[in-house]
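In: Using only what follows, build the 3D model:
(chains A and B)
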Amino acid sequence: AQKITQTQPGMFVQEKEAVTLDCTYDTSDPSYGLFWYKQPSSGEMIFLIYQGSYDQQNATEGRYSLNFQKARKSANLVISASQLGDSAMYFCAMREGPGAQKLVFGQGTRLTINP
Amino acid sequence: GAVVSQHPSWVICKSGTSVKIECRSLDFQATTMFWYRQFPKQSLMLMATSNEGSKATYEQGVEKDKFLINHASLTLSTLTVTSAHPEDSSFYICSARDIRGTLGSSYNEQFFGPGTRLTVL
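Out: The predicted model follows:
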């Protein structure tokens, strides 16, 4: 069974608009962490934002925010005021259990920002 | 700080040859390094977890005799693809975890290298 599911293979958004990238997860462990990474065409993995399972508030980092709905097991990434440089692959990932190290990645969403 | 390098950035080799990929933490010591493989237009799949001074832990379905991992020091892990074949062509990415988990934030302690693109002819 997929631990992390990203249902949007591709997204096309007009520059300056906000965009939401979906991510749902599956775990029975009460302690887990959720991550979003950006992968431009160069291939490097750029950490964007993190949400812990016990965090009371949604995480925010500049133009990135995470819409964490624990009961629905979803952790959607919201990018406000999109820019051309936001065009890239975006991966949602999960780390299960306290002290765990392994990251499990979703299938990714390719985001294209149109001028 | 928290820079991870990989060498080479790309390599083309003939079928049957072995290829070694290096992963280095440049400004921190890494007790644990991870090796991922990414096929075109697909996600990252963890191949193995490498701990300094001990044998690597391989994920299910990954052939340990084909993908040899050595983590001989706190700043270097190597992945050797032995007897490479065209189906091994992929993007290989490593990540490294800070020895104390204190770099970056308390949760973002895994830092990725830029990746190595392997093409086997």
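
In: where exactly do the strands run in chain B?
Out: B:4-7, B:10-13, B:19-25, B:30-38, B:44-51, B:57-58, B:67-73, B:76-81, B:90-98, B:110-112, B:116-120 (DSSP state E).

In: scratch that, chain A
Out: Counting by DSSP E, the strands of chain A are A:4-5, A:10-14, A:19-21, A:24-25, A:32-39, A:46-52, A:60-61, A:64-69, A:74-79, A:88-96, A:104-105, A:109-114.

In: Pipe these into a markdown table and attach mean pLDDT and distance to chain B per row.
Out: For glycine as for every other residue, the C-beta is placed from the backbone atoms N, C-alpha and C. As requested, these are exported to a markdown table (pLDDT from 0 to 100; distance: least, C-beta to the nearest C-beta, whole Å):
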| stretch | mean pLDDT | distance to chain B |
| --- | --- | --- |
| strand A:4-5 | 96 | 9 |
| strand A:10-14 | 96 | 10 |
| strand A:19-21 | 98 | 14 |
| strand A:24-25 | 97 | 14 |
| strand A:32-39 | 94 | 6 |
| strand A:46-52 | 92 | 5 |
| strand A:60-61 | 94 | 10 |
| strand A:64-69 | 97 | 13 |
| strand A:74-79 | 98 | 14 |
| strand A:88-96 | 94 | 6 |
| strand A:104-105 | 94 | 5 |
| strand A:109-114 | 97 | 8 |
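
In: Which one, of these, ends up nearest to B:Ala48?
Out: Closest to B:Ala48 of the strands of chain A is strand A:104-105 (C-beta to C-beta; 14.4 Å).

In: now the closest one, how far from the chain's geometric center?
Out: 11 Å (C-alpha atoms, centre = their mean, to the nearest Å).

In: so what strands line up beside that strand?
Out: strand A:88-96 (antiparallel) (DSSP bridges).

In: By mean pLDDT, flag the weakest helix or strand of chain B.
Out: strand B:110-112 (a mean of 88; mean pLDDT, DSSP states H and E).

In: That one - contacts with which helices or strands?
Out: strand B:90-98 (3 or more C-beta pairs under 8 Å, 6 or more residues apart in numbering or on different chains; DSSP states H and E).

In: Counting by contacts, list what the strand it packs on packs against.
Out: If you count contacts as 3+ C-beta pairs under 8 Å, 6+ apart, strand B:90-98 packs onto strand B:4-7, strand B:19-25, strand B:30-38, strand B:76-81, strand B:110-112, strand B:116-120.
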